[in-house]
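Asks: Quick one: sequence plus predicted model below, questions after.
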Amino acid sequence: MEKTMLNGLISVLVALLLVSSSALASSDAPFIVAHKKATLTRLKSGSERVSVSIDIYNQGSVTAYDVSLTDNSWPLDAFDIVSGNTSKSWERLDAGSGSFVSHSVELDAKVKGPFYGAPAVITFRIPTKAALQEAYSTPIQPLDILADRPPEKKFEWAKRLLAKYGSLVSVISIVVLFVYLIATPSKSGAAKGSKKRR
C-alpha cells in the first residue's frame, strides 16, 4: 500500500516537473509590443496631414529576427503618401526593455469624414520555430478628417480663470503685500537706531 502511494506521488512530481520545464522553455520567446499613434495637422491649404508613427518593442527574453511591419489600413483612394512607406523590415530586434525600433509615415487626406484605422501587423521569426509569428499594434483613435472645427482660441482658459478668480487673487496679493510691509522693518529706521547707540 505504501509502495503504490509512493509510486503515485513520484509520478505526480515527475509530471509537474515536465509541465513546469515545458512552460519555462516556452517563455524563452520574443514578446512584441507595438504602439501605433496618429496625429492630424491642418495645413494652410485647407488639407489635413496625418502623421503616423509605430514603435515596436521586444519585451521578451529572446531576439526576434526578420521583423516586418505592414500597415495596410490607409487606402490609397483616401490618402496620398507624402513621406515614408506603409511597410518596413528590420533584420533583428534584440530583447530588452530599452530595445525598440520606430517607423513613421506622413499622409495627406483626400476624403472628409471619420476614419477608423486597423492595427498594423508585425511578423517575426523565432530561431526555434519554422513558422512566422504574428503580432498586432494598438489601434488608433478614430480620426475626424477635414472636420469643420471652430478656430482655436488661444488663452481662452486663462481669460476664464482671470474672470473667475481675478478679484480674489488681487485682494489676497494686496493683503500679503500689506503684511510684508508691516512685518519687515524699514532700512532707514534700522540705520537711525544703530547711530543712536553709538
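Replies: Looks like it came in fine. Numbering: from 1, shown residues only.

Asks: now the strands for this protein?
Replies: For the chain, applying DSSP state E gives strands covering 32-42, 48-58, 64-70, 79-83, 87-93, 100-109, 113-115, 121-125, 133-136, 143-145.

Asks: any residues touching the last one, and which ones?
Replies: The reference is to strand 143-145. Contact with strand 143-145 is made by 38, 40, 48, 50, 109, 111-115, 117, as judged by Cβ atoms under 8 Å, 6 or more residues apart in numbering. Every C-beta, even on glycine, is put in place using the N, C-alpha and C of the backbone.

Asks: Can you list the strands that it pairs with?
Replies: strand 113-115 (antiparallel) (DSSP bridges).

Asks: that older thread, how about TSV for the strands of the chain, with distance to Lys164, mean neighbour count and mean pLDDT added?
Replies: TSV is the format used below for the strands of the chain (distance: least, Cβ to Cβ, whole Å; neighbours: other Cβ atoms under 10 Å; pLDDT from 0 to 100):
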stretch	distance to Lys164	mean neighbour count	mean pLDDT
strand 32-42	30	16	93
strand 48-58	35	20	94
strand 64-70	49	18	95
strand 79-83	43	14	93
strand 87-93	50	15	94
strand 100-109	38	17	94
strand 113-115	35	13	91
strand 121-125	49	19	95
strand 133-136	46	15	95
strand 143-145	31	17	90
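
Asks: ok, the most centrally placed residue in the chain - contacts?
Replies: In the chain, the centroid-proximal residue (Cα atoms, centre = their mean) is His35; its distance is 6.9 Å. Residues in contact with His35 (Cβ under 8 Å, 6+ apart) are 54-55, 57, 137-138.

Asks: Tell me which two in the residues you listed are the farthest apart.
Replies: Tyr57 and Thr138 (11.6 Å; Cβ to Cβ).

Asks: Between these two, which contacts overlap?
Replies: 34-35.

Asks: which helix in the chain runs the most residues?
Replies: helix 156-183 (DSSP state H).

Asks: so how far is that one from its chain's centroid?
Replies: Put simply, helix 156-183 sits 38 Å off its chain's centre (Cα atoms, centre = their mean, to the nearest Å).

Asks: same question for it, mean pLDDT?
Replies: What helix 156-183 shows for mean pLDDT is 85.
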